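Engineer: Give the three-dimensional model of this entry:
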Amino acid sequence: MGVIERRGELVDAAATRALGVAIGSAAVAGDVIALDGELGVGKTAMTRGIAAGMGLEEGVVSSPTFTMVQEYRADGGGLALVHIDAYRLGGVDEVETIGWVEEGAELRRGAVVVVEWAEKIAGELPKDRLCVRLTHAGEGRGLWLGAELGSRWAGRLNALMAAVSGV
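Structural biologist: This is a model prediction of the structure:
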């Protein structure tokens with residue numbers, strides 16, 4: 001299958017958060033969101049927006065660089081956010097050390113999984129995922145969204161881009 005993609009620009013931190021909120025609002029249990037980009041480009045800020053869109057407290061979301069995996073769940077239960085930072089992983093051969101077995105099936109159960117530095121473990125991620133790449137672009141950020149044709153995220157890309165253009 002091919003990839004459907006959208007490109008855009010996030011003019012400021014508020015636009016990055018707004019896209020995160022839109023992604024979190026559209027996410028359902030089992031979804032995987034792969035975030036890539038340079039240091040300081042806003043991957044964790046976007047994850048905070050995703051948490052807000054899921055109805056979780058975004059203020060508790062921090063970069064899990066040293067713990068590698070954080071789980072956030074609302075007090076009343078419901079959909080959880082599993083936040084993975086693959087930055088320190090040496091590659092796909094180390095992915096089992098964070099509990100990622102069989103494309104993360106266990107971690108994805110009842111949760112949305114966000115993977116920062118996803119390119120480090122791309123071969124282990126399911127094909128049915130939303131890929132988000134952020135780049136530094138002047139005062140803002142360049143944006144690339146991608147999903148496999150026929151995937152659950154493919155039909156959601158236009159709505160996500162509309163959320164960004166409204167900011």
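Engineer: Mean pLDDT per helix and strand in the protein: which one sits at the bottom?
Structural biologist: Least confident helix or strand of the chain, by mean pLDDT, DSSP states H and E, is helix 105-108 with a mean of 57.
Engineer: next structured bit after that helix?
Structural biologist: Going down the chain from helix 105-108, the next helix or strand is strand 111-116, by DSSP states H and E.
Engineer: Mind giving me the packing neighbours of that following strand?
Structural biologist: Under the contact definition 3 or more Cβ pairs under 8 Å, 6 or more residues apart in numbering; DSSP states H and E, strand 111-116 sits against strand 32-37, helix 43-53, strand 77-85. Every C-beta, even on glycine, is put in place using the N, C-alpha and C of the backbone.
Engineer: who wins for proximity to residue 26 among those?
Structural biologist: helix 43-53 (7.6 Å; Cβ to Cβ).
Engineer: Contacts only, for residue 131.
Structural biologist: Residue 131 makes contact with 34, 36, 118, 144-147, according to Cβ atoms under 8 Å, 6 or more residues apart in numbering.
Engineer: Whichever of those end up buried, select them in ChimeraX.
Structural biologist: In ChimeraX, a selection of the buried entries from those looks like this (16 or more other Cβ atoms under 10 Å):
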select :34,36,118,145,146,147
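Engineer: Can you report how many residues lie near residue 28?
Structural biologist: 9 (other Cβ atoms under 10 Å).
Engineer: Which pLDDT value goes with it?
Structural biologist: Reported pLDDT at residue 28 in the predicted model: 93.
Engineer: Would you mind pulling up the elements that the helix or strand containing residue 163 packs against?
Structural biologist: Assigned by DSSP H and E, residue 163 falls within helix 157-165. On a contact count with 3+ Cβ pairs under 8 Å, 6+ apart, helix 157-165 meets strand 3-10, helix 13-26, strand 140-148.
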